[in-house]
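Engineer: Prediction below, plus the sequence it came from.
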Amino acid sequence: MVSKPHGGKLVRRIVAPKTRERILSEQEEYPRVQIDHGRVIDLENIAHGVYSPLKGFLTRDDFESVLHDMRLSDDTPWTIPIVLDVEKPDFEEGDAVLLYHGDLPIARMHVEEIYTYDKREFAVKVFKTDDPAHPGVARVMEMGDYLIGGEIELLNELPNPFAKYTLRPVETRVLFKELGWKTIVAFQTRNAPHVGHEYVQKAALTFVDGLFINPVLGRKKKGDYKDEVIIKAYEALFKHYYPKDAATLATVRYEMRYAGPREAIHHAIMRKNMGATHFIVGRDHAGVGDYYGPYEAWDMFDNFPDLGITPMFIREAFYCKKCGGMVNAKICPHSEEFHVHISGTKLRKMIMAGEQPPEYMMRPEVYEVIRSFENPFVE
């Protein structure tokens, strides 16, 4: 049985065609608010239920509750503040405004609340640091001085170059039902796959009906793999190494926060809304730099017995020369001298130097896909 949506009901905040037509014909009558690409993606995820039970951007009570208690004000688990920031607003509480990205009207928002907030507190609570070198902290410090909360109605979406790979929660739930899967484990990734990823995914698949690989597409930090590279690499892996009736691939547009343990919970909630019953929590999940411990995200799940999706903690895989294959620390008795760890940084350096990684690190078919791109990495 696929999981129930977070909060009990899958949210859908998309304007009906006739209403959309009317709003757009009257758009000059609304105050305009410009929003950046990341907030547009948040809007889409609210509207399509990826962020259920949210119906809009957080009001003050929910924002404060998420910061301090990692729950919405009604006690529903929620760890990442989904907020809309503005400079000094030229509208009032109770107004309806149109949210624009450039010249494109994205959504109508009913402004329930306008409030101020402490940026440093926001950063420290969510990211455990106020270091401006942390990309999430830097993003918060650039935000406007006010937050506006209220429900949204989606009018338009940004062009999606990967639309054929993108599935919304209502679609993934239908897909899992058609495949006959009752238990589904989701895997979040922002990387092209190496053999360590494959080991973790297949270890999890052993215990459930189906594996759902769900790469994140969207703005990433320098050095991450480009979106198209990730998709093509996984297609090659699926073609040669995955059973067709037990694994599927679909993407989600999302802006990484790099909030470590808190974001791991958020990622699990997103996949719960898509219908997954289990979620693989990786080593240094959603981390960046040395801000979080390698398995700190695992401990975070202890705070949420009511999350409604089962975390799967599978230790980092490495190649053991003595065992002669991919193993992890729980099943390998041999000392470190026999271990070869798969480092994403090391793999990137090898690829950039035109050096093919050994097969126990990366499948040759995956390497060939990556090598086919002139520059596979975000600059």
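Structural biologist: Arrived safely.
Engineer: who's in contact with the spatially closest residue to residue 90 that is not a sequence neighbour?
Structural biologist: Using C-beta to C-beta, 6 or more residues apart in numbering and skipping the chain neighbours, the partner closest in space to residue 90 is residue 31 (6.3 Å). Quick note: C-beta positions are derived from backbone N, CA and C, even for glycine. For residue 31, the contacting residues are 90-91, 95, 97-98, by C-beta atoms under 8 Å, 6 or more residues apart in numbering.
Engineer: distance of residue 31 from residue 110?
Structural biologist: Distance from residue 31 to residue 110, counting by C-beta to C-beta, to the nearest Å: 12 Å.
Engineer: Equivalent analysis for residue 90, please.
Structural biologist: To residue 110, residue 90 is 17 Å away according to C-beta to C-beta.
Engineer: The helix or strand hosting residue 248 packs against which elements?
Structural biologist: Per DSSP states H and E: residue 248 is located in strand 247-249. With contacts taken as 3 or more C-beta pairs under 8 Å, 6 or more residues apart in numbering; DSSP states H and E, strand 247-249 sits against strand 210-217, helix 227-241.
Engineer: how about residue 280, secondary structure?
Structural biologist: What DSSP: H, G, I helix; E, B strand; the rest coil gives for residue 280 is strand.
Engineer: That one bridge partners, please.
Structural biologist: On the basis of DSSP bridges, residue 280 is bridged to residue 312.
Engineer: Run a quick check on it versus residue 189, I expect a contact.
Structural biologist: No - at 9.5 Å, residue 280 does not count as touching residue 189 under the criterion of C-beta atoms under 8 Å.
Engineer: higher neighbour count, the two?
Structural biologist: residue 280 (27 against 17; other C-beta atoms under 10 Å).
Engineer: mind listing what the more buried one touches?
Structural biologist: 185-188, 200-201, 204, 311-312, 314.
Engineer: go on, residue 265?
Structural biologist: With contact taken as C-beta under 8 Å, 6+ apart, residue 265 is in contact with 70, 77, 79, 300-301, 304, 307.
Engineer: secondary structure element for the residue lying farthest from the centre of the chain?
Structural biologist: Centroid-distance maximum for the chain: residue 322 at 36.8 Å, with C-alpha atoms, centre = their mean. Here residue 322, judged by DSSP H and E, is contained in no helix and no strand.
Engineer: does it really touch residue 340, like I thought?
Structural biologist: No - using C-beta under 8 Å as the test, residue 322 is too far from residue 340 to be in contact (11.1 Å).
Engineer: what touches both of the two?
Structural biologist: In contact with both residue 322 and residue 340: no residue, using C-beta under 8 Å, 6+ apart.
Engineer: hang on, the earlier thing: now render the contacts of residue 265 as TSV, adding pLDDT.
Structural biologist: Shown next, in TSV, are those (pLDDT from 0 to 100):
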residue	pLDDT
70	98
77	98
79	98
300	97
301	98
304	98
307	98
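Engineer: So which of those residues wins on neighbours?
Structural biologist: In the contacts of residue 265, the most neighbours by other C-beta under 10 Å go to residue 79, 23 neighbours.
Engineer: Could you verify that it is part of a helix?
Structural biologist: No - the assignment for residue 79, made by three-state DSSP, is coil rather than a helix.
Engineer: Of the contacts of residue 280, just say which sits nearest to residue 259.
Structural biologist: The nearest member of the contacts of residue 280 to residue 259, counting by C-beta to C-beta, is residue 188 at 13.2 Å.
Engineer: before we move on, what SS does the closest one have?
Structural biologist: strand.
Engineer: That one against residue 217, yeah?
Structural biologist: No - using C-beta under 8 Å as the test, residue 188 is too far from residue 217 to be in contact (11.8 Å).
Engineer: Of those two, which one has the most company?
Structural biologist: Remark: of residue 188 and residue 217, residue 188 carries more neighbours, 25 against 21, as counted by other C-beta under 10 Å.
Engineer: Quick check, pLDDT for the more buried one.
Structural biologist: Taken from the predicted model, the pLDDT recorded for residue 188 is 95.
Engineer: Next up, the contacts around the spatially closest residue to it that is not a sequence neighbour.
Structural biologist: With sequence-adjacent residues excluded and distances taken as C-beta to C-beta, 6+ apart, residue 188 is closest to residue 267, at 4.8 Å. Going by C-beta under 8 Å, 6+ apart, residue 267 touches 188, 279, 285-286.
Engineer: and of the residues you listed, the nearest to residue 38?
Structural biologist: residue 286 (15.3 Å).
Engineer: for that closest one, phi and psi?
Structural biologist: Dihedral angles of residue 286 (phi, psi; degrees, to the nearest 10) stand at phi 60, psi 20.
Engineer: How about the contacts made by the closest residue to residue 361 other than its chain neighbours?
Structural biologist: With sequence-adjacent residues excluded and distances taken as C-beta to C-beta, 6+ apart, residue 361 is closest to residue 342, at 5.2 Å. Neighbour list for residue 342: 194-196, 317-319, 361 [criterion: C-beta under 8 Å, 6+ apart].
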